[in-house]
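[1] have a look; sequence and predicted model below, questions after that.
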Amino acid sequence: MKPQLSSGQSAGTKTNTTANATSNTKAQATRKALRAQVRDARRGISDKEQHSFAATATKLMLDEITKLEAKHVAIYLTNDGELCTQPLIHALWKQGVNLYLPHLHPFSKGNLLFFAYTPETTLVQNSLKIPEPKLDITKMMLVHQLDVVVTPLVAFDSAGGRIGMGGGFYDRTLANWQKIGKPYPIGFAHDCQQVEALPIEHWDVPLPVMVTPTRVLVF
C-alpha cells in the first residue's frame, strides 16, 4: 500500500522535501567532519610554531588595520589552537587603537555584545569557558560603531567562505556589514585552516579579507 499524502501535498513535493532534508543532513555531517579535521590540525601546531606564526601574522594584520585607519577594533582571545592574538592585541594597544572583546548576550541567545578591552579589564569565564569582560553597559560598543572585527574561524576556503564553531555568533554579528560598510571583517587563522571548498549555508557570512602567517588573501 502506498503511503497516504496529506491534503494538498503531492508526491513530488514530498519527494523534494525528503531529498532536501537528506541533503541538509549530509551537508551538516560534512561541516562537522571538516571542523574536527581542522581543529585537530591547528591543535597539533607546536608552541614554537605558534609563537613564530603569530609574530608574522600580526605584522600582516597591522598593515591591514592601518590601511583602514581603524580606531575601534573587535578582537578575541585565543582558544583551541587558534592563531594567537596576544601579540596583535599588544601591538594595537601600543598604536592607540581601542579594542573590544565579545561577551555572550545575556538575554538574546546566539548573539554577542562587545565591551572595551584594556590591560586593566577584569575578565570572567563565560558558559563556553572562554574569558570575557564583565557586563558593564558603560563600556559597551555597538556593532555598527566598530570599524573592524578580527574574525575567528575554524576553516576558510579560496572564495572567502568561512565556518566557525557552529554557534553562528559571528554570522549574526556580521549579517549587515555589507549594507552599511562596517564593521569590516578580517579573518585571522593558520594556513592549515584553509580547505579547497566549504559546504556553505545561506547564513554563512563570507570574508572580504583573510590574514594568515604567510599571506593576505583578498576575495
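    Noted; the coordinates are in hand. Treat the numbers as computed from the prediction; the structure is a model and nothing was measured. Numbering: from 1, shown residues only.

[2] helix or strand: which one has the closest residue to residue 155 other than its chain neighbours?
    Distance criterion Cβ to Cβ, 6 or more residues apart in numbering; nearest residue to residue 155, sequence neighbours excluded, is residue 38 at 4.7 Å. In short, each C-beta sits where N, CA and C put it, glycine included. Secondary structure from DSSP states H and E places residue 38 in helix 11-43.

[3] one more: residue 103?
    Judged by DSSP H and E, residue 103 forms part of strand 98-104.

[4] helix or strand next in line after that strand, which one?
    Next element after strand 98-104 (DSSP H and E): strand 112-117.

[5] which elements pack onto that next one?
    strand 98-104, strand 131-133, helix 169-173 (3 or more Cβ pairs under 8 Å, 6 or more residues apart in numbering; DSSP states H and E).

[6] follow-up on the earlier one: for the residue nearest to residue 155, give me its contacts.
    154-155, 192-193, 195 (Cβ atoms under 8 Å, 6 or more residues apart in numbering).

[7] what's the distance between it and residue 82?
    11 Å (Cβ to Cβ, to the nearest Å).

[8] on that earlier part again, any idea of the mean pLDDT for the helix holding residue 38?
    In this model, helix 11-43 has a mean pLDDT of 74.

[9] stretch 70-88 too?
    pLDDT averaged over stretch 70-88 gives 97.

[10] what about that stretch, start to end distance?
    One end of stretch 70-88 sits 14 Å from the other (Cα to Cα, to the nearest Å).
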